[in-house]
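J.: any chance you could fold what I've pasted below:
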Amino acid sequence: MKAENNRPEQRLQGTAAAPGVARGPVYLLMKGMAIVACQKVNDSEAEIRRLEAALGATRLEISKLRDDIARKLNESEAAIFDAHLLVLEDVALIDDVSREVKKSGFNVEFCFQEVAQRYIEIFEKMDDDFLRERAADIRDVTGRVLEQLLGTQPERAGEAAKLHVVVARDLTPSDTAGLHDDGVSAFVTEEGGRTSHSAIMARSLDIPAVVGVKGLMEAVKEGDIVLVDGETGLVIVNPTEQTIDAYRDKVQAILTRRDRVMREVALPEVMLDGAPFTLLANIGAPEEMDDAVSYHGRGVGLYRTENLYLRLDAWPSEEEQYAEYAEAVQLAQGRPITFRTLDLGGDKRLGDLADEANPFMGYRAVRLCLERPDVFRPQLRAIIRAAALGPVAVMFPMISGVEELRRAKEIFRRIENELKQEGVTSRSPIKLGAMIEIPSAAMVADELALEADFFSIGTNDLVQYLLAVDRGNQRVAHLYEPCHPAVVRTLARIFLAAKQRGIPAAVCGELAGDPVWAPLLLGLGAHALSMSPAALPEVRFMLRHSSLTELQQLAQRVLSSPEAILTRLLLQDFAAHKLKLR
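T.: Here you go, the predicted structure:
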């Protein structure tokens, strides 16, 4: 298949979102925000009734889509649309629109779009990848409501996109759900990330996908041919015959590796020399437990409790939190769950949290909780009550020193004793851990290890703070370099402190789910790695085909490396050998 033009080959790099390789002509899906006229109205109450009718119609529409996905795939993927239904129940959103209509006297379509766009922008500015990508969900739902208000039909790929590669600025979960029926070969987007719901659904539908391809919409035109590598994130526009021939062997090697990896997905977590290892999942809602179990995670190493707060856009009650935590513990079926206490603040704003000049170093995470017993107590009570149903651990985020950890532990134990007086006891002792993600905590890790039952290293923030690099700032993001010798040596220091004090140390940041980095982390001394469920098979394969001795030797070579580029080459060569890429 050749391009119907003489445009040269161009290579673009994005994020691999769904595995597989495909090639086909481009289908440009040019979706944009609906154009809504601003008009004065005489009857604000009538406008609000129109909004209520549109919300009801959208609710029925999404419920039908949810049922379709449940039949085609399973409940885990269908649960994506439960989050969409919750947006329609968001009292704050609906109240904001109603107030805007009454205050301005403008038509409800205009007011709804203005308020929805504010919500979308709040999520788009968040630093956490998972939360930032929820902006696409809000855009999806609010777009449906606008279509109901305007009486328009959404653009979708349709029959014309069959056997094509869909190229778009972004895709909503609703868009993605229809791609399989439309018979598209693959999709590529300029925005989005691996944890977006559209990417998750693409993996379930077995559609190769690459997301976050900067400059995509400028580079690709109708009539182009695109080769999509959902394994490496490479997108080749108008590949030459030489490229296609060279890529054919690579494609076969990738597919062969994928088959080998999946054949071992349920095998024991033991290295070649008999050394055991533990892989856990990072999740943020009970429905994500299905993926953690299906990919054979040994438990949950990070449960992001703040996701409930952000989904509700409110401070949830103790009962609301207990209902979610209890459901997750029951779905885990005896596997341990480590709940991270509330990590709000920074880029994750809620309710009465004020804006700050430097929010990432401000009033957030454990600092907020220690000053807000009205927030901290209900959460701890809910977690302890859920622990009566299965094994639970708790870790406190953004610990900077021993004093903070002691204060958090004292509050926890006091509440635990209160609940015992009420007849509530955990099924097994609840271990309390410290997240190590601030340089000061890394420097006093040996003292912290005397107070903590375990460590969990949050590499995303630790790297950011060690290197003074805001990874969300495009002007300096290239300086965010985990292979920097300071990062590797700091990790080694933390693991050594944990070993000397006899406590386990896990890693729950992005590096844990990277098959290139996982061997180094275990070689440095990590006891467990916690990652997104989809990353589990490849990391498990990598470690099963290594020996602990090899990993420790790799760690020693990396620790003596003076430059990041040398470390990166060492890690890539090791991974390529194990994954048989070279």
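J.: use CA for all of it now, contacts and neighbours both
T.: Fine.
J.: confirm V226 sits in a strand?
T.: Yes. Per DSSP: H, G, I helix; E, B strand; the rest coil, V226 lies within a strand segment.
J.: wouldn't it be in contact with H164 here?
T.: No. The criterion here is C-alpha atoms under 8 Å, and V226 misses it with H164 at 9.0 Å.
J.: roughly how far is stretch 380-389 from the heart of the chain?
T.: 25 Å (C-alpha atoms, centre = their mean, to the nearest Å).
J.: to clarify, my last question referred to stretch 439-447.
T.: For stretch 439-447, the distance to the chain centre is 27 Å (C-alpha atoms, centre = their mean).
J.: who touches that stretch?
T.: Stretch 439-447 has contacts (C-alpha atoms under 8 Å, 6 or more residues apart in numbering) with 399-402, 436, 448, 462, 465-466, 490, 493-494, 497-498, 500-501.
J.: how far does it stretch from start to finish?
T.: End-to-end distance of stretch 439-447 (C-alpha to C-alpha, to the nearest Å): 14 Å.
J.: in it, which residues are buried?
T.: Buried residues in stretch 439-447, counted by 16 or more other C-alpha atoms under 10 Å: 439, 441-447.
J.: tell me the helices and strands packed up against the lengthiest strand in the chain.
T.: Across the chain, the longest stretch assigned as strand under DSSP state E is strand 21-29. Under the contact criterion of 3 or more C-alpha pairs under 8 Å, 6 or more residues apart in numbering; DSSP states H and E, strand 21-29 touches strand 165-168, strand 225-229.
J.: sheet partners, orientation included, of it?
T.: Note on strand 21-29: by DSSP bridges, its sheet partners are strand 165-168 (parallel), strand 225-229 (antiparallel).
J.: now these in CSV, with mean neighbour count?
T.: Output for those, formatted as CSV (neighbours: other C-alpha atoms under 10 Å):
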stretch, mean neighbour count
strand 165-168, 24
strand 225-229, 27
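J.: among the contacts of stretch 439-447, which ones are in helices?
T.: In helices, judged by DSSP state H, the following of the contacts of stretch 439-447 are found: 402, 448, 462, 465-466, 490, 493-494, 497-498, 500-501.
J.: and of the residues you listed, the nearest to L179?
T.: L462 (38.6 Å; C-alpha to C-alpha).
J.: now that closest one. Nearest residue, chain neighbours left out?
T.: E437 (4.2 Å; C-alpha to C-alpha, 6 or more residues apart in numbering).
J.: burial count for that neighbour?
T.: Residues lying near E437 (other C-alpha atoms under 10 Å) number 24.
J.: try T278
T.: 18.
J.: name the SS class of S428, please.
T.: coil.
J.: what's near enough to touch the closest residue in space to it that isn't next to it in sequence?
T.: Excluding its sequence neighbours, the residue lying closest to S428 (C-alpha to C-alpha, 6+ apart) is P391, at 6.1 Å. By C-alpha under 8 Å, 6+ apart, the residues touching P391 are 329, 334-337, 427-428, 430.
J.: look at G158 and report its pLDDT.
T.: For G158, the model assigns a pLDDT of 54.
J.: go on, the one 5 residues further on?
T.: For L163, the model assigns a pLDDT of 81.
J.: next one: P239
T.: Looking at P239, its pLDDT is 91.
J.: would you check that it makes contact with V226?
T.: Yes. If you go by C-alpha under 8 Å, P239 and V226 touch, sitting 7.1 Å apart.
J.: thinking again about what came up before, from R385, how far off is the residue nearest to S428?
T.: Counting by C-alpha to C-alpha, the gap from P391 to R385 is 11 Å.
J.: can you give me the domain assignment for the chain?
T.: The record, using automatic domain parsing to delimit domains, assigns the chain the ranges 10-28+167-261, 44-150, 275-578.
J.: which of those domains sits closest to A37?
T.: domain 44-150 (6.5 Å).
J.: first to last residue in that closest one, what's the distance?
T.: Span of domain 44-150 from end to end, C-alpha to C-alpha: 17 Å.
J.: tell me the average confidence for that domain?
T.: Rounded mean pLDDT across domain 44-150 is 82.
J.: now name the helix or strand holding S530.
T.: Assigned by DSSP states H and E, S530 belongs to strand 528-531.
J.: following element in sequence after that strand, please.
T.: Using DSSP H and E, the helix or strand that follows strand 528-531 in sequence is helix 536-544.
J.: which strands and helices sit next to that following helix?
T.: Checking 3+ C-alpha pairs under 8 Å, 6+ apart, helix 536-544 ends up next to helix 241-263, strand 278-283, helix 518-524.
J.: pick the most buried one from these.
T.: Highest mean neighbour count among those (mean count of other C-alpha atoms under 10 Å): strand 278-283, with a mean of 26.
J.: mean confidence (pLDDT) on that strand, please.
T.: The average pLDDT within strand 278-283 is 94.
J.: for stretch 502-520, same thing?
T.: Across stretch 502-520, the average pLDDT comes to 92.
J.: return the set of buried residues in that stretch.
T.: Within stretch 502-520, the residues that qualify as buried by neighbour count (16+ other C-alpha under 10 Å) are 503-513, 515-520.
J.: start and end of that stretch, how far apart?
T.: One end of stretch 502-520 sits 21 Å from the other (C-alpha to C-alpha).
J.: V36 is nearest to which of the domains of the chain?
T.: Across these, closest to V36 is domain 44-150 (C-alpha to C-alpha), at 5.8 Å.
J.: now do G458, the pLDDT please.
T.: Value listed for G458 in the pLDDT field: 93.
J.: for K499, see how far away it is.
T.: Relative to K499, and taking C-alpha to C-alpha, G458 is found at 18 Å.
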